[in-house]
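A.B. asks: give me a 3D structure for the following:
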Amino acid sequence: MLNYFDVKDGLIFMGSVAFTTLAGYWLFGVNSLMWTSFSSMFTYSLYDARPDRSNHLYVFFLMMIIMINNYIGYWLQLSWLFYVYLFAISCFFDITYGKDPVLDRAVRYIIMLSTIGTTLTSVSYELPVGYLIGTLTVLGVLFVLHLKNYDFTAFRNGLFSKELYTSKKHAVPRAFIYSTGMFLSLLIPEFLELGRIYWAPLTFVMVLNPKAEHVFKNTISRFAGSFLSVILLMIMLATGYNASVVILISFFVISFFLPTFLDKNPVLRSFGVTFFVLAMTEISHYWNDPVYSPLFERLYETLIGGLLAIITSIILKQVRAIQ
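C.D. replies: Predicted structure coming up:
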């Protein structure tokens, strides 16, 4: 499962996360930590999407689009307009999937951040500044250490160079079915009045790619990784008064291993990302007063999103089989 880990990338990412979280805390306090840490992880993930690593300017451009979607979700809230927007983004993802791995990851984060935006009661300057701190820090460190030529290769080979839409058999009904599954992955948690409704659509888009490949295996792996991270965090919460300090230390340890986990099997990837996100949620929102609810919400919403992904994949395969 883990035959090696990348020390160099681990140190780069952990150092970048440490700097951004400290800078965010120094400037704005605990409330900004979630935005700086999220933007650091998203930036590195987009940069690492291609084996040859992507152009810094291209990643920055996509990160700004991701950040703007926080505001779109906040402005629309859980209105019918947001469901239309989510449906449209899902159709775009289905149509363009496979053209550019960096864009594929970015669209997933767009769906996640726009959905998170609907849960926000207010948006202050801490959000954009936190995003800029995280994004510019990670890109700056990677640029200096890797000494990559600053050109427009990624733009030429990425978003603006491909035919984003090519006529495929049953393309329209498949895009409609995929988007309907995404639609339901948000509607059902909202109808049930669950806590963090963004976990279900995030699971849906992560385990079900538009080609509907390995969905059941991906769902099991994602749930298993999430379950392991939740169990570990529950053990840490049980330590009592020092729980937040233990979680903070573990957060930086996981940050060191996360670049390696992202390139490994789905269980490790899910474990690393889930722990990273849940640990930062506990630190930024519940310092010295940790709660268990985000942990349980991650599990049952992951299950909802996974089940909908499996059902949708079965329907997509039936449509693909039609002559």
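A.B. asks: the host helix or strand of M34 - contacts with which helices or strands?
C.D. replies: Using DSSP states H and E, the element containing M34 is helix 33-47. Using 3 or more Cβ pairs under 8 Å, 6 or more residues apart in numbering; DSSP states H and E as the contact definition, the elements that helix 33-47 packs against are helix 7-28, helix 56-76, helix 101-117, helix 126-146, helix 243-262, helix 266-285. For every residue, glycine as well, the C-beta is placed using N, CA and C.
A.B. asks: what angle separates the strand or helix carrying C91 from helix 56-76?
C.D. replies: Secondary-structure assignment from DSSP H and E places C91 in helix 80-96. Taking axes from the mean of the first three to the mean of the last three Cα atoms, to 10 degrees, helix 80-96 and helix 56-76 form an angle of 150 degrees between their directions.
A.B. asks: who's in contact with helix 80-96?
C.D. replies: With contact meaning Cβ atoms under 8 Å, 6 or more residues apart in numbering, helix 80-96 is reached by 72-73, 76, 103-104, 107-108, 110-111, 114-115, 118, 162, 164-165, 171, 174-176, 178-180, 182-183, 186-187, 201, 205, 210.
A.B. asks: what does stretch 281-297 give?
C.D. replies: So stretch 281-297 is in contact with 30-34, 194-196, 199, 230, 233-234, 237, 241, 243-244, 247-248, 251, 278, going by Cβ under 8 Å, 6+ apart.
A.B. asks: pull out the buried residues from those.
C.D. replies: With neighbours counted using 16 or more other Cβ atoms under 10 Å, these contain these buried positions: 32-34, 194, 196, 199, 230, 233, 237, 243-244, 247-248, 251, 278.
A.B. asks: among the residues you listed, which pair sits farthest apart?
C.D. replies: The distance between the two most remote of the buried ones among the contacts of stretch 281-297 (Cβ to Cβ) is 27.3 Å, for L194 and L248.
A.B. asks: what residues of stretch 78-86 count as buried?
C.D. replies: When neighbours are counted by 16+ other Cβ under 10 Å, the buried residues of stretch 78-86 are found to be 82-83, 85-86.
A.B. asks: same question for stretch 296-316.
C.D. replies: Of the residues in stretch 296-316, those with enough neighbours to count as buried (16+ other Cβ under 10 Å) are 297-299, 301-310, 312-313, 315-316.
A.B. asks: got the CA positions of that stretch in PDB?
C.D. replies: The C-alpha atoms that make up stretch 296-316 are tabulated as PDB, following Å, rounded to 0.1, in the frame of the first residue of the first chain:
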ATOM      1  CA  PHE A 296     -20.400  11.600  11.600                       C
ATOM      2  CA  GLU A 297     -21.700  13.900   8.900                       C
ATOM      3  CA  ARG A 298     -18.700  13.100   6.700                       C
ATOM      4  CA  LEU A 299     -19.600   9.300   7.000                       C
ATOM      5  CA  TYR A 300     -23.300   9.300   6.300                       C
ATOM      6  CA  GLU A 301     -23.100  12.000   3.600                       C
ATOM      7  CA  THR A 302     -20.200  10.100   1.900                       C
ATOM      8  CA  LEU A 303     -22.600   7.000   2.000                       C
ATOM      9  CA  ILE A 304     -25.400   9.000   0.400                       C
ATOM     10  CA  GLY A 305     -23.200  10.400  -2.300                       C
ATOM     11  CA  GLY A 306     -21.600   7.000  -3.000                       C
ATOM     12  CA  LEU A 307     -25.000   5.200  -3.300                       C
ATOM     13  CA  LEU A 308     -26.300   7.900  -5.700                       C
ATOM     14  CA  ALA A 309     -23.100   7.600  -7.700                       C
ATOM     15  CA  ILE A 310     -23.500   3.800  -8.000                       C
ATOM     16  CA  ILE A 311     -27.100   4.100  -9.100                       C
ATOM     17  CA  THR A 312     -26.200   6.800 -11.600                       C
ATOM     18  CA  SER A 313     -23.300   4.700 -13.000                       C
ATOM     19  CA  ILE A 314     -25.700   1.800 -13.600                       C
ATOM     20  CA  ILE A 315     -28.100   4.000 -15.600                       C
ATOM     21  CA  LEU A 316     -25.200   5.600 -17.600                       C
END
